[in-house]
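> Quick one: sequence and predicted model below, then my questions.
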Amino acid sequence: MERYKQVCSRLDYGDLDLSGAFGRQPLRPEVLRCVRYMHDVEQHTTCYLRNLLNTRAHEDPEMTEFLTLWNFEEHWHGEALGDVLRAHGEPGGAPRVAAMRRRLRNRVTNSPLVWLAVSSATRHFLAVHMTFGVINEWTTQGGYARLAAVADHEVLSELLRRIKRQEGRHIDYYLTEARRFLEVGSGAQRTVRLFLRSLWRPVGATVMPEPEIRHVVRTLFADEQGREVAARIDRRIDSLPGLGGMGLMAGVLRRYAGAA
């Protein structure tokens with residue numbers, strides 16, 4: 001945490017000429033659709049933070065310190081992707097986020113109660129939270145890597161490289177904490193496996209329409225290179241104490257990358 005506090009910062013991309021770069025070479029429609037998805041999910045992080053602070057996570061001051069910094073950096077990732085959208089003549093940032101929250105309505109309003117109920121259901125909630133966190137960060141980072149490869153756009157690739165570097169710091173914290181809580185014993189491991197099997201979905205799947213989830217999965221993970229990234233994420237999950245053989249990303253591909 002001390003190291004992370006020293007390096008945490010607003011994403012620096014002011015040297016990138018987004019308007020000029022995307023004016024000369026706009027993103028293909030299928031790629032821009034993925035950017036919209038990632039923008040919306042990153043900008044929804046504040047709502048996730050609100051939900052987490054209604055759980056046992058708020059009892060640990062170091063954890064809330066991390067979540068505060070994590071939310072700050074994630075916000076600026078969303079702002080950067082909003083600038084990519086604006087460079088294509090589309091709304092980004094607050095106007096788009098407001099429309100999203102109007103669409104979700106009661107789902108956003110009531111979600112803190114759902115999280116509170118889930119966290120009260122098990123004494124191993126922090127193990128669940130940290131494990132979900134590292135898996136979500138692994139899949140997010142993998143998604144950005146695939147987006148850069150699929151888009152083949154020099155400026156977008158550089159922007160995503162900078163975002164991934166910050167996501168890597170988030171992974172470091174989540175992974176350390178997930179291992180710590182999972183190593184408590186088989187009870188924590190069984191609980192996390194149960195929650196992963198029943199509740200885990202790809203990042204954004206709880207707030208984005210299913211056609212958009214399918215599009216992102218098919219565009220980024222359905223080809224040979226994408227499937228290898230998905231398999232690598234599954235191997236990383238396998239390496240966590242007691243979580244071998246989950247096959248979460250393989251399940252995502254079966255569910256979302258098959259026939260419509």
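Done, it's in.
> Now do the helices in the protein.
Using DSSP state H, the helices assigned to the chain run over residues 2-7, 18-24, 29-43, 45-52, 61-87, 94-104, 106-120, 125-151, 154-182, 186-199, 210-221, 224-238, 248-256.
> Serialize those to JSON lines and add fields for mean pLDDT and mean neighbour count.
Heads up, the C-betas are built off the backbone N, CA and C, glycines and all. Output for the helices of the chain, formatted as JSON lines (pLDDT from 0 to 100; neighbours: other C-beta atoms under 10 Å):
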{"stretch": "helix 2-7", "mean pLDDT": "88", "mean neighbour count": "10"}
{"stretch": "helix 18-24", "mean pLDDT": "97", "mean neighbour count": "15"}
{"stretch": "helix 29-43", "mean pLDDT": "97", "mean neighbour count": "20"}
{"stretch": "helix 45-52", "mean pLDDT": "89", "mean neighbour count": "18"}
{"stretch": "helix 61-87", "mean pLDDT": "95", "mean neighbour count": "19"}
{"stretch": "helix 94-104", "mean pLDDT": "88", "mean neighbour count": "14"}
{"stretch": "helix 106-120", "mean pLDDT": "80", "mean neighbour count": "14"}
{"stretch": "helix 125-151", "mean pLDDT": "97", "mean neighbour count": "22"}
{"stretch": "helix 154-182", "mean pLDDT": "97", "mean neighbour count": "18"}
{"stretch": "helix 186-199", "mean pLDDT": "95", "mean neighbour count": "16"}
{"stretch": "helix 210-221", "mean pLDDT": "97", "mean neighbour count": "19"}
{"stretch": "helix 224-238", "mean pLDDT": "97", "mean neighbour count": "16"}
{"stretch": "helix 248-256", "mean pLDDT": "96", "mean neighbour count": "18"}
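> Just the residues contacting stretch 46-61, thanks.
Identification of contacts with stretch 46-61 by C-beta atoms under 8 Å, 6 or more residues apart in numbering yields 63-64, 67-68, 70-71, 75, 108, 111-112, 114-116, 118-119, 125-126, 129.
> Likewise for stretch 131-143?
Contacts of stretch 131-143 (C-beta under 8 Å, 6+ apart): 38, 164, 167-168, 170-171, 174-175, 177-178, 181-182, 192, 195-196, 200, 202-203, 216, 220-221, 229-230, 232-233, 236-237, 240, 243, 248-249.
> can you rerun that using 6 Å?
164, 167, 170-171, 174-175, 178, 192, 203, 220, 229, 233, 236 (C-beta atoms under 6 Å, 6 or more residues apart in numbering).
> and what of stretch 5-14?
69, 76, 80, 159.
> could you redo the last one with a cut-off of 10 Å?
1, 65-66, 68-70, 72-80, 83-84, 155, 158-159, 162-163, 165-166, 169 (C-beta atoms under 10 Å, 6 or more residues apart in numbering).
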